[in-house]
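> predicted model, plus sequence, below.
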Amino acid sequence: MVGSLFSPLTLILILLGLGLFFLLFTRRQRPGKILVLIGTLLFGFMSFDGISGRILRPLEYKYPSLLSVKDIPDVKWIVVLGGGHASDPKLPVTSYLSEDSLPRLVEGIRLHQEFPQSKLILTGGKLFDRISEASALADVALLMGAKKDDLILEETSKDTEEQARLIQQMVDQERFILVTSAYHMPRSIALFKRLGLNPIPAPTDHSVKERQRIAPWDFYPSAHSLREAEKAFHEYLGWAWAKLIGRI
């Protein structure tokens, strides 16, 4: 809730709303104009990939993608951190997973195929839904060809910190591959290492990508760029909070 309050779009709307209040309902025109100007400029800056992408890139590329596993000894566990879900009985289960969760699961299954003897640990509790996120991930994993015996569900965690503690109990000190969105990986690794674990990072779901050619829409504002800024602000805020309370 706090993270959403400090997201770029929320802050922009607060600035614009306060500015309009001063302009329309008070005689203090100067503060109103300043607030509207700041809100408008912030909205413009965050809507362009050249700015939001630069903010997000240091998070997404702190750890390289796990493209080759030939130099990695056999691992017993592959952990996929849930990134949100919403179950709707009127929709296929493939639509339950969020835009973060689905790429994480796909990458987890790809790596599981590289290590056929491994177990796939799927994480995430119910929170505000009737079914757990781990259960939704498992349903989609089965549709994608995973075997039920290879899946282990962690269905009680509410955030990354709880996922780290519960996974520690499952894997003990054994090496494991950690799969999550690239922007979320630095904070996740820090939380796991704080518990004495040493996961092998396998970031996925990158938003910032090297374009082979410049496209016309690169010069236009987009909701995608706002989403990039939102991800970055959420992670930096989460990192600052974890530091403040001594969790990383």
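It's in. Numbers count the residues shown, from 1 in each chain.
> how about the strands in the chain?
Along the chain, the segments classed as strands by DSSP state E run 77-80, 119-123, 151-154, 176-181, 200-204.
> please name every helix or strand in contact with the longest helix along the chain.
Assignment by DSSP state H gives helix 223-244 as the longest helix of the chain. With contacts defined as 3 or more Cβ pairs under 8 Å, 6 or more residues apart in numbering; DSSP states H and E, helix 223-244 has these neighbours: helix 2-5, helix 8-25, helix 29-46, helix 49-60, helix 185-194. For glycine as for every other residue, the C-beta is placed from the backbone atoms N, C-alpha and C.
> could you dump those into a markdown table and include distance to residue 141, mean neighbour count and mean pLDDT?
Output for the helices and strands packed on helix 223-244, formatted as a markdown table (distance: least, Cβ to Cβ, whole Å; neighbours: other Cβ atoms under 10 Å; pLDDT from 0 to 100):
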| stretch | distance to residue 141 | mean neighbour count | mean pLDDT |
| --- | --- | --- | --- |
| helix 2-5 | 28 | 10 | 75 |
| helix 8-25 | 33 | 16 | 95 |
| helix 29-46 | 35 | 15 | 96 |
| helix 49-60 | 24 | 19 | 94 |
| helix 185-194 | 20 | 20 | 96 |
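> hmm, back to that, tell me which of the strands of the chain approaches residue 38 most closely.
Nearest to residue 38 among the strands of the chain is strand 176-181 (30.1 Å), distances taken as Cβ to Cβ.
> give me the distance from that closest one to the chain's centre.
12 Å (Cα atoms, centre = their mean, to the nearest Å).
> of all the strands of the chain, which lies closest to residue 65?
When the strands of the chain are ranked by proximity to residue 65, the top entry is strand 200-204, at 6.0 Å, counting by Cβ to Cβ.
> may I have the strands that pair with that closest one, each with its orientation?
Partners of strand 200-204 in the sheet, by DSSP bridges, are strand 176-181 (parallel).
> what's around residue 165, how many residues?
14 (other Cβ atoms under 10 Å).
> so for the nearest residue to it once chain neighbours are set aside, what's the pLDDT?
Among residues not flanking residue 165 along the chain, residue 195 sits closest, at 6.7 Å (Cβ to Cβ, 6 or more residues apart in numbering). Looking at residue 195, its pLDDT reads 94.
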